[in-house]
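Student: Based on what follows, work out the 3D shape:
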Amino acid sequence: MRKLYEINHDLERLLDENATVVIDDENAVDIETGEVFSLTDRINALEIEKTEKIKGAAVYLDDLNQKRLALKQKIERFTKQLKALDGDIDGLTFFLLNATENQGFKDDDIELKVKTTQRCVFIDESAIPERFIKTETKIETKISKTEISKAIKNGEVVPGAKLELNYTLSVL
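Tutor: Numbering: from 1, shown residues only. Below is the predicted model of the structure:
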């Protein structure tokens, strides 16, 4: 199947005085090949071919837009399902951690292992000392939780921050 630019090129060539000589109202001669043809029929055929090519491309574009819309709707639905699953997982994890008093559980069928980690939690961001505040290139200030965590672990008291125990649960 010919490309649209090829059809446009052929139309331009038909109308180019250096490529085509018009014999009379109906006929023309291709200077390069010597072919005699009906100018009107050839132009009409090329216009029909061009129209069909444009219509085909438009139908294909519409099909792509429909596929895009369907995927976008699926993504939105999956995002909602993922958020709901995350909520269920968080709730059940909280329940199991409380039920096992953060100690885990083990029997013949299953084992729940509790891993204890720490994370930095801001109590009052305005009380954080200047040395823990980082300036980003966007001229935004960020407080470095990593540096505050290290300082607290090393015995330093950082006003406005504390270490909090965090629990993750693995099903083995």
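
Student: Just the residues contacting stretch 156-172, thanks.
Tutor: 93, 96-97, 102, 110-129, 132, 148-149, 151-153 (C-beta atoms under 8 Å, 6 or more residues apart in numbering). (Each C-beta comes from the backbone N, C-alpha and C, glycine too.)

Student: at 7 Å what do you get?
Tutor: 93, 96-97, 102, 110-125, 127-129, 148-149, 151-152 (C-beta atoms under 7 Å, 6 or more residues apart in numbering).

Student: Which positions within stretch 102-114 qualify as buried?
Tutor: By neighbour count on 16 or more other C-beta atoms under 10 Å, the buried set for stretch 102-114 is Gly104, Leu112, Val114.

Student: ugh, typo on my part, it should be stretch 26-41
Tutor: Neighbour-count burial for stretch 26-41 [16+ other C-beta under 10 Å]: Ala28, Phe37, Leu39.

Student: all strands of the chain, in order?
Tutor: 20-22, 27-30, 36-38, 105-106, 111-122, 133-135, 141-143, 161-171 (DSSP state E).

Student: Relative to Gln81, which of those is closest?
Tutor: Ranking the strands of the chain by distance to Gln81, with C-beta to C-beta as the measure, places strand 161-171 first at 20.9 Å.

Student: Redo the buried residues of stretch 26-41 as JSON lines? Include distance to Asn166 and pLDDT.
Tutor: JSON lines is the format used below for the buried residues of stretch 26-41 (distance: C-beta to C-beta, whole Å; pLDDT from 0 to 100):
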{"residue": "Ala28", "distance to Asn166": "83", "pLDDT": "87"}
{"residue": "Phe37", "distance to Asn166": "82", "pLDDT": "87"}
{"residue": "Leu39", "distance to Asn166": "81", "pLDDT": "85"}
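
Student: In this structure, where is pLDDT below threshold?
Tutor: 139, 168-172 (pLDDT under 70).

Student: pull the longest helix from it.
Tutor: Under DSSP state H, the helix in the chain containing the largest number of residues is helix 39-99.
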